[in-house]
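**Q** Build me a model:
(one chain, ligands or ions: 1)
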Amino acid sequence: MIKRPIHLSHEFLEEVLDGEAIAVDATMGNGNDTAFLAGLAKKVYAFDVQEQAVQKTTERLAQFGLTNTELILAGHETVGQYVTEPVRAAIFNLGYLPSTDKTVITKPDTTLSALSQLCDLLEVGGRIAIMIYYGHEGGDMEKDAVLGFVKELDQTLYTAMLYQPLNQINTPPFLVMIERIKG
Ligand SMILES: C[S@@+](CC[C@H](N)C(=O)[O-])C[C@H]1O[C@@H](n2cnc3c(N)ncnc32)[C@H](O)[C@@H]1O
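**A** Just a heads-up that it's a prediction; the model follows:
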């Protein structure tokens with residue numbers, strides 16, 4: 001069956017992860033992506049502004065016995081304060097966490113700040129996957145901001161791709177993929 005964007009986001013990162021790699025989950029939420037990355041990488045830094053996300057993710061990681069993570073209760077825009085090593089893979093799941101406070105959403109300014117810092121931290125061959133959910137209020141603006149930023153990336157340093165459902169009703173999430181090709 002044709003791949004959903006969310007599945008492709010994991011496969012795209014899985015291809016470059018190994019036991020030497022540093023990874024970043026920019027939007028921890030319930031910890032699905034943190035657990036996925038931690039199963040493949042040497043270390044994962046995960047960010048969220050909600051205490052509940054840290055709790056849920058702590059529980060999820062414990063279930064899998066994963067201990068190679070640093071869960072940070074702070075916005076991803078502070079990534080540069082916590083991560084100084086070259087990054088092999090990073091993931092963003094934009095929007096809000098289903099089943100929690102729908103007013104806590106990712107925002108254009110902070111998302112672009114984190115994205116820009118992570119593009120700088122990315123090692124050659126490193127990748128960033130951005131799942132863009134934009135059906136909620138403010139989502140459209142963030143989508144446009146992210147697409148605008150990515151389209152301006154220097155093509156001699158980064159390759160960027162889009163994977164998007166074309167015939168689904170409403171506003172299905174889509175995937176933006178970035179790879180660093182030169183230091
Ligand atoms: C779509 S959810 C992420 C889902 C998550 N990847 C998972 O596997 O469950 C978006 C998350 O981004 C978080 N968030 C909002 N603003 C943020 C920021 N500035 N930095 C980091 N996380 C933020 C929200 O609290 C929410 O948990």
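**Q** Can you classify residue 177 by secondary structure?
**A** Reduced to three states with DSSP: H, G, I helix; E, B strand; the rest coil, the structure at residue 177 is strand.
**Q** ok, residue 147 touching residue 176?
**A** Yes. In this structure, residue 147 is within contact of residue 176 by Cβ atoms under 8 Å, at 7.3 Å. The way it works is simple: take the backbone N, C-alpha and C, and place the C-beta from them, glycine included.
**Q** And these two? Which one has more around it.
**A** Neighbour count, other Cβ atoms under 10 Å: between residue 147 and residue 176, residue 176 has more, with 25 against 16.
**Q** Quick one: residues contacting the more buried one.
**A** By Cβ atoms under 8 Å, 6 or more residues apart in numbering, the contact set of residue 176 is 129, 130, 132, 146, 147, 150, 160, 161, 162, 163.
**Q** if we go to 7 Å?
**A** Residue 176 makes contact with 130, 132, 146, 150, 160, 162, according to Cβ atoms under 7 Å, 6 or more residues apart in numbering.
**Q** Same question for residue 127.
**A** 12, 13, 16, 89, 177, 178, 179.
**Q** now with 8 Å?
**A** By Cβ under 8 Å, 6+ apart, the residues touching residue 127 are 12, 13, 15, 16, 88, 89, 90, 177, 178, 179, 180.
**Q** quick check, residue 45 in a strand?
**A** Yes. Using three-state DSSP, the secondary structure at residue 45 is a strand.
**Q** what about residue 41, distance to residue 18?
**A** Between residue 41 and residue 18 the distance is 8 Å, computed by Cβ to Cβ, to the nearest Å.
**Q** Mind pulling the model confidence for residue 114?
**A** Per-residue pLDDT puts residue 114 at 98.
**Q** do the same with residue 161
**A** pLDDT recorded at residue 161 is 98.
**Q** Does it fall in a helix, a strand, or a coil region?
**A** Classification of residue 161 by three-state DSSP places it in strand.
**Q** Count the residues that sit near it.
**A** Other residues lying near residue 161 total 12 when counted by other Cβ under 10 Å.
**Q** Ok, residue 160 next?
**A** Around residue 160 there are 18 other residues, counting by other Cβ under 10 Å.
**Q** now swap in residue 95 and tell me
**A** 22.
**Q** what's the helix or strand for it?
**A** Here residue 95, judged by DSSP states H and E, is contained in no helix and no strand.
**Q** Do you know the pLDDT at the residue nearest to it when sequence neighbours are not counted?
**A** Of all residues not flanking residue 95 in the chain, residue 133 sits nearest, at 3.4 Å (Cβ to Cβ, 6 or more residues apart in numbering). pLDDT for residue 133: 97.
**Q** Done for today, thanks.
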